[in-house]
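Student: Return atomic coordinates for the entry below.
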Amino acid sequence: MAYLSRALERKFLHLNGFFKALWVTGVRQVGKTTMLRHLAEGQGRAPMYPWTI
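Tutor: You can find the predicted model right below:
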């Protein structure tokens, strides 16, 4: 399945330059985790989830 770009991506990347941590919330199954994984993959990083700490 092809990745669908989210409207929040550009704003997230912009704010990521100002803050050490960002909190992404929203209703179920809208692509929050998918977006974070996609953005982290493009930067050679791994997203951090509360359950991995």
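
Student: Contacts for stretch 18-37 next, please.
Tutor: Applying C-beta atoms under 8 Å, 6 or more residues apart in numbering, the external contacts of stretch 18-37 come out as 3-4, 6, 8-9, 12, 15-16, 47, 49. The C-beta positions use only the backbone N, C-alpha and C, and glycine is treated the same way.

Student: Among those, name the buried ones.
Tutor: Buried members of the contacts of stretch 18-37, counted by 16 or more other C-beta atoms under 10 Å: residue 6.

Student: Now find how far off-centre the helix or strand containing residue 15 is within its chain.
Tutor: According to DSSP states H and E, residue 15 maps onto helix 9-16. Centroid separation between helix 9-16 and its chain, computed with C-alpha atoms, centre = their mean, to the nearest Å, is 9 Å.

Student: Then stretch 11-31?
Tutor: With C-alpha atoms, centre = their mean as the basis, stretch 11-31 stands 6 Å off its chain's centre.

Student: Flag every buried residue along it.
Tutor: Within stretch 11-31, no residue counts as buried by 16+ other C-beta under 10 Å.

Student: End to end on it, go ahead and measure it.
Tutor: End-to-end distance of stretch 11-31 (C-alpha to C-alpha, to the nearest Å): 15 Å.

Student: Nearest residue to the middle of the chain?
Tutor: Centroid-nearest residue in the chain, with C-alpha atoms, centre = their mean: residue 36, separated by 2.3 Å.

Student: Which element, helix or strand, includes that residue?
Tutor: Here residue 36 is covered by helix 32-42, with elements defined by DSSP H and E.

Student: buried ones in that helix?
Tutor: Across helix 32-42, burial judged by 16+ other C-beta under 10 Å covers 35-36, 38-39.

Student: What mean pLDDT does that helix get?
Tutor: For helix 32-42, mean pLDDT is 83.

Student: Would you mind getting the angle between it and helix 9-16?
Tutor: Helix 32-42 runs at 70 degrees relative to helix 9-16, counting by axes from the mean of the first three to the mean of the last three C-alpha atoms, to 10 degrees.
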